[in-house]
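1. Got a predicted structure plus its sequence, pasted below:
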Amino acid sequence: MTLTQLPADAAERQLRPAAATDARDEVPTLGYPNYWYPAAPSNAVGKQPLAIKLLGENIVLFRSNGRVYALEDRCAHRGTPLSIGKVRFPGTITCAYHGWTFDATGQCVAALTEGPHSALPGKACIGSYPVEERANIVWVFIGDIEPPPVETDIPEDLFTDEDLVFPVVSTWRANWRLAIENVADPSHAPYMHRTALRFLFVKYRAYSRIQATDNERGDGFFINPGPVELERAGTEFPGVGRYPERIWWRRMSFPLKRTMNNGSQSELRLPGCLRTNNVYWFFLQWSVPVDAATSRQFIWVLRPQAAHGLKAVWWQAYWHLFYRFLMDQFIDQDRVVVEAQETNGAFALPEKLSVNDTGVIRWRRLAARARGSRVRPDGVE
Ligand code: FES
Ligand SMILES: [Fe+2]
């Protein structure tokens, strides 16, 4: 029986009580303000304006004379989205409706339908956002403090001359908090990702005790599988039966075994970026809040020490002809579950955490360390 089929009072009882102690509520629905966020791949932003949504805010990105600009996507006149307008004069965008034109700071600098002597310029404005381009990504700062240098928030791994970087962007119909808690939780991997094609021939870990420790920067924590029990087919689970099934090819012990079980090390940082070192590959996943029910995953797959020469040619081909598809299928396994949680209203329902949820618990506690947070780490405002 679904919640909607229950009588009204029973349905209410199913919802979790609004307890002041529920740490889920510490993490804002629309994300942490006062950080730089990946907004779009650089090559997606041209002279043609691009509408995006970040942390619930409608933003228009456009490029003029090589520079990228970010403005509120709402004309000050009568609310037409500027993203359906046009870059007509250098460094400005012109609304599609009556031709009001806004500069990089959001000031109206011309009202084309009022003529060149209109008194309007200087008397109307819209919001503007700090914007930078680094590592082939357009970064936008959302917040109300003086932004730190953009490099402060970009994972250092992206400033690489030695590694090949393959970006993947995936939009999920789920709030960013569900998406980020998915990556804060490595314990789902040996069960849910057991069927991922990229692990097909890997003797995977069967179960483990997740461990986490604070990072030195004070804005996150390291998380890893901890003591690992390698897959042994047919382990008896008392009173239930045997798991996992005996699959002959998994008994082959490929070198990848090392990477998937003992060698991996992950770090989760505010405002929502996971770095994972899997020895042969390095992954970054940044869960970016779009609106209450949508998030965008910026994922970078790095092949270390492969940016030059024949190695680069080989790994480019390997990625485009083969590994990209394996990654897509792997990422999709997460997407399907997280979107199903969203549909189920998981954040509004009771939950029961266990020992392997240490990453999820730590992630929620990081709220107190978020930039500009008024809540001290002891939970007192
Ligand atoms: S609504 Fe934009 S110019 Fe009128
Ligand atoms: Fe996953």
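-> Yep, it's here. Residues are numbered from 1 along each chain as shown. Ligands and ions are numbered 1, 2, ... in the order given.

2. need the helices for the stretch 251-381 of the chain, in chain order.
-> For the stretch 251-381 of the chain, the helices defined by DSSP state H, counting those that start in this stretch cover 256-261, 309-318, 324-343, 358-365.

3. Deepest-packed of those helices, please.
-> Of all the helices of the stretch 251-381 of the chain, helix 358-365 has the most neighbours on average by mean count of other C-beta atoms under 10 Å, namely a mean of 20. Yep, even glycine has a C-beta here, placed from its N, CA and C like the rest.

4. how about JSON lines for the helices of the stretch 251-381 of the chain, with mean pLDDT and distance to ligand 1 added?
-> JSON lines is the format used below for those (pLDDT from 0 to 100; distance: least, C-beta to the nearest ligand atom, whole Å):
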{"stretch": "helix 256-261", "mean pLDDT": "46", "distance to ligand 1": "54"}
{"stretch": "helix 309-318", "mean pLDDT": "96", "distance to ligand 1": "45"}
{"stretch": "helix 324-343", "mean pLDDT": "97", "distance to ligand 1": "34"}
{"stretch": "helix 358-365", "mean pLDDT": "96", "distance to ligand 1": "42"}
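
5. So for residue 102, which of those helices sits nearest?
-> helix 324-343 (35.3 Å; C-beta to C-beta).

6. From the chain's centroid, how far away is the closest one?
-> 13 Å (C-alpha atoms, centre = their mean, to the nearest Å).

7. Could you tell me which ranges of this structure sit under the pLDDT cut-off?
-> 1-20, 203, 228-233, 246-264, 279, 373-381 (pLDDT under 70).

8. Quick check: bridge partners of the residue nearest the centre of it?
-> Centroid-nearest residue in the chain: residue 287, 1.2 Å away (criterion: C-alpha atoms, centre = their mean). Per DSSP bridges, residues listed as beta-bridge partners of residue 287: residue 297.

9. Starting from residue 123, give me the distance back to it.
-> Distance, residue 287 to residue 123, using C-beta to C-beta, to the nearest Å: 40 Å.

10. Could you save the helices of the stretch 251-381 of the chain as a markdown table and add columns showing distance to residue 143?
-> Output for these, formatted as a markdown table (distance: least, C-beta to C-beta, whole Å):
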| stretch | distance to residue 143 |
| --- | --- |
| helix 256-261 | 37 |
| helix 309-318 | 37 |
| helix 324-343 | 26 |
| helix 358-365 | 20 |
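
11. and of the ones you listed, who's closest to residue 82?
-> helix 324-343 (29.9 Å).

12. tell me the angle the closest one makes with helix 309-318.
-> Per axes from the mean of the first three to the mean of the last three C-alpha atoms, to 10 degrees, the angle that helix 324-343 makes with helix 309-318 is 50 degrees.

13. can you list contacts of helix 324-343?
-> For helix 324-343, the external contacting residues (C-beta atoms under 8 Å, 6 or more residues apart in numbering) are 166, 168, 170, 172-175, 178-179, 182-183, 188, 192-193, 195-198, 293, 297, 299, 301, 347.

14. just so I have it, where are all the strands in the stretch 201-350 of the chain?
-> 205-208, 211-214, 220-224, 228-230, 235-237, 241-243, 265-269, 273-277, 282-291, 294-303 (DSSP state E, counting those that start in this stretch).

15. Please enumerate residues in contact with the fifth one?
-> Contact partners of strand 235-237, identified using C-beta under 8 Å, 6+ apart, comprise 206, 242-244.

16. most surrounded residue in the residues you listed?
-> Neighbour counts for the contacts of strand 235-237 peak at residue 206, which has 18 neighbours (criterion: other C-beta atoms under 10 Å).

17. unless I'm mixing things up, it is touching residue 242, no?
-> No. Residue 206 is beyond contact range of residue 242, at 11.7 Å (criterion: C-beta atoms under 8 Å).

18. Say whether ligand 1 is contacted by stretch 85-99.
-> Yes. Under the criterion of C-beta under 6 Å from any ligand atom, ligand 1 is reached by stretch 85-99 at 95, 97-99.

19. Out of these, which comes closest to residue 23?
-> Residue 23 lies nearest to residue 95 out of the residues of stretch 85-99 next to ligand 1, by C-beta to C-beta, at 43.9 Å.

20. Up against ligand 1, what does this protein have?
-> Near ligand 1, when you scan the chain using C-beta under 6 Å from any ligand atom, you find 75, 77-78, 80, 95, 97-100.

21. now do 5 Å
-> Taking C-beta under 5 Å from any ligand atom as the contact definition, the chain meets ligand 1 at 75, 77-78, 80, 95, 97-98, 100.

22. ChimeraX command for the buried members of these?
-> Buried residues within those, by 16 or more other C-beta atoms under 10 Å, are selected in ChimeraX with:
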select :75,77,80,95,97,100
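
23. now the residues of the chain next to ligand 1 in a markdown table, with distance to residue 357 and secondary structure?
-> Formatted as a markdown table, the residues of the chain next to ligand 1 follow (distance: C-beta to C-beta, whole Å; DSSP: H, G, I helix; E, B strand; the rest coil):
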| residue | distance to residue 357 | secondary structure |
| --- | --- | --- |
| 75 | 46 | coil |
| 77 | 50 | coil |
| 78 | 49 | coil |
| 80 | 46 | coil |
| 95 | 49 | coil |
| 97 | 51 | coil |
| 98 | 54 | coil |
| 100 | 51 | strand |
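
24. coming back round to it: got a list of what the residue nearest to the centre of the chain touches?
-> Neighbour list for residue 287: 176, 179-180, 183, 272-273, 295-297 [criterion: C-beta under 8 Å, 6+ apart].

25. Okay then, goodbye and thanks.
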